[in-house]
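[1] need a structure here:
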Amino acid sequence: MSKWGELIKYLNSVDAKPAAVLKMVKAAYGKKGRVSPTRVAWKLNVIVSIMNRTDKSTDAKIYGLVDKKNKIYRFAYNSFHTNKYSDKTEQQHYNACKKVWNDNKALRNKLSKLSKLQRMKLQRNPAALAEFLN
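    Numbering: from 1, shown residues only. As a prediction, this is how the structure comes out:
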């Protein structure tokens with residue numbers, strides 16, 4: 001069997017749609033580059049989370065996000081990173097998120113043009129994220 005034969009045989013047996021498979025592969029492998037898709041997804045997750053907070057100042061939004069009582073942030077951090085949330089202080093988490101916010105103005109501008117629902121979809125759907133980044 002050829003290099004791709006087994007994969008093609010399987011995809012034909014389950015009636016996979018080529019467009020859906022292509023989106024999935026793009027989401028998994030992304031563009032050839034030095035930045036991994038996981039790092040981009042983490043940046044997007046942090047920026048969208050800050051944008052969705054209702055606090056007035058950016059600093060208050062970031063402090064609220066990285067607060068040790070915020071179970072969602074802790075779960076997301078532990079999912080994206082090899083180190084655990086508890087390995088860093090709250091101040092270190094704040095500084096890292098503030099750096100992500102300040103260094104990614106182009107991504108922030110691109111995200112600000114989307115509705116809140118569209119931003120949430122990007123956080124939850126890898127295929128939508130891959131399409132957005134391309």
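
[2] C-alpha from now on. contacts and neighbour counts both.
    Fine.

[3] and residue 131, what element?
    helix 126-133 (DSSP states H and E).

[4] same for that helix, what does it pack against?
    helix 18-29, helix 116-124 (3 or more C-alpha pairs under 8 Å, 6 or more residues apart in numbering; DSSP states H and E).

[5] quick one: contacts of the longest one?
    Right, the one you point to is helix 18-29. Helix 18-29 is contacted from outside by 37, 126-127, 129-131, using C-alpha atoms under 8 Å, 6 or more residues apart in numbering.

[6] Quick check on those residues: which are buried?
    37, 126-127, 129-130 (16 or more other C-alpha atoms under 10 Å).

[7] And the furthest pair within the residues you listed?
    Spatial extent of the buried ones among the contacts of helix 18-29 (C-alpha to C-alpha) is set by the pair 37 and 127 at 11.6 Å.

[8] In three-state terms, label the residue most central in space within the chain for me.
    Centroid-nearest residue in the chain: residue 41, 2.1 Å away (criterion: C-alpha atoms, centre = their mean). Secondary structure for residue 41, judged by DSSP: H, G, I helix; E, B strand; the rest coil, is helix.

[9] Compute the distance between it and residue 60, please.
    23 Å (C-alpha to C-alpha, to the nearest Å).

[10] One more: residue 104?
    Distance from residue 104 to residue 60, by C-alpha to C-alpha: 19 Å.

[11] same deal with residue 102?
    15 Å.

[12] and what of residue 49?
    Counting by C-alpha to C-alpha, the gap from residue 49 to residue 60 is 13 Å.

[13] Out of these two, name the residue with the larger neighbour count.
    Neighbours were tallied for residue 49 and for residue 60 using other C-alpha atoms under 10 Å; the higher tally belongs to residue 49 (17 against 13).

[14] got a list of what the more buried one touches?
    Residue 49 sits next to residue 65 when contact means C-alpha under 8 Å, 6+ apart.

[15] what's the average pLDDT for stretch 3-10?
    The predicted model assigns stretch 3-10 a mean pLDDT of 83.

[16] I should have written stretch 114-127 there, sorry.
    83.

[17] Cheers, nothing more for now.
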